[in-house]
Structures are given as C-alpha cells and as structure tokens.
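please work out how this folds:
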Amino acid sequence: MRLFHYALLPYLPELQFRGQLRELVVIMRDWRDKGKTNHLLINRVMEYPREELSGYFLWYQAEWDKRYHTKRGLIKYDAEFAYFADNPYWFEKLIAPSLFDGWHDKTYLRICMSNLLEKHLNPGKTNINDKEWARLLEGYKAITGEDYEI
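Predicted structure coming up:
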C-alpha cells in the first residue's frame, strides 16, 4: 500500500494510476471507519489534517478527468471524500508543494521512483514497460529539473 508522490500522478502508468484509487479509498475508509490507518507505508498520512488527504484525492481526480474525460468512475467514492472535505473551499487555497509537506518531498519522490523502477525491472502483473518507464523519467525531470539516477 502506497500513496505515490502527488507530483507523479500525471506520469503514472495506467495500472499504477488505477491502483492508486483503490489505495486511496482504503485509506479514506480506514480513517473514517476505524479512526486510523494500519499500514507502515501510509500511516504518516495520520500526521496531517484530513483535508490533506482530500487534497490528494482532488489532485487524483483532476488527473482522472484529464485521462478519461469523465468523473463517472469516481462518483461512487463521494461519501468517502465528503468525510475529508469539511471545508469545500479548502482545496482552492492548497498550493501543490505544501501537500503532505515534509513527507511528499524529493526523498519520498525518489523512494516512489525506486518502487516503480523495481516494477520496470521485474516483469510480472505490475510490469512497467519501457515506454511507461520513459514517461516516468520525463516526469521526474519535469518535477525536479534533474535526471533520475539510482
């Protein structure tokens, strides 16, 4: 379970992008229903106001709209999102670099890239092909201004 760095969302391959929705919904439901999350890689989300998670969902939703030109696949998650969006105008004040400040930083971006590189190098059901990996490398450079190096 992982919340990929928010800036990577536009560059994620299809399989990882769609999988991110499942992860996000599980996190929102656990937080709402159990009052906490229970996974090593995402427990840090609890250190932030719940509106940060709604902000991440909105970033995801914006990318979904760009890719698929519809909100149809997301509407069924409105109840989960509503719990995290007490202030509907909060997102308008959100500046991307402040989302999960201190967590979704360059170090975390590199951790996410490492995870994706592993999927690229080890074929399987989560395989990332050469074209998708090239897109991720372009994204990393667009985000950081640097080439990705291991």
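
and the helix ranked longest in the chain, what does it pack onto?
Taking DSSP state H as the assignment, the helix of the chain that covers the most residues is helix 14-34. Packing partners of helix 14-34 (3 or more C-beta pairs under 8 Å, 6 or more residues apart in numbering; DSSP states H and E): helix 50-68, helix 78-84. Yep, even glycine has a C-beta here, placed from its N, CA and C like the rest.

now the angle from that helix to helix 50-68?
150 degrees (axes from the mean of the first three to the mean of the last three C-alpha atoms, to 10 degrees).

check which residues of helix 14-34 are buried.
In terms of neighbour count (16 or more other C-beta atoms under 10 Å), helix 14-34 has its buried residues at 16-17, 19-21, 23-25, 27-28, 30-31.

ignoring the adjacent residues along the chain, who's closest to residue 47?
Closest residue to residue 47 apart from its sequence neighbours, by C-beta to C-beta, 6 or more residues apart in numbering: residue 103 at 7.6 Å.

after the helix or strand bottoming out on mean pLDDT in the chain, next one along is what?
Within the chain, no helix or strand scores below helix 90-93, which has a mean of 52 by mean pLDDT, DSSP states H and E. Where DSSP states H and E defines the elements, the next helix or strand beyond helix 90-93 is helix 106-121.

now tell me what touches the very next helix or strand once past that following helix from outside.
Going down the chain from helix 106-121, the next helix or strand is helix 130-144, by DSSP H and E. With contacts defined as C-beta atoms under 8 Å, 6 or more residues apart in numbering, helix 130-144 is touched by 7-8, 10-13, 106, 109, 113, 116-117, 120, 128, 146-148.

and the angle for helix 130-144 with helix 106-121?
Calculated by the same axes, to 10 degrees, helix 130-144 forms an angle of 170 degrees with helix 106-121.

number of residues surrounding the nearest residue to residue 106 once chain neighbours are set aside?
Of all residues not flanking residue 106 in the chain, residue 144 sits nearest, at 6.5 Å (C-beta to C-beta, 6+ apart). For residue 144, the count of nearby residues is 14 (other C-beta atoms under 10 Å).
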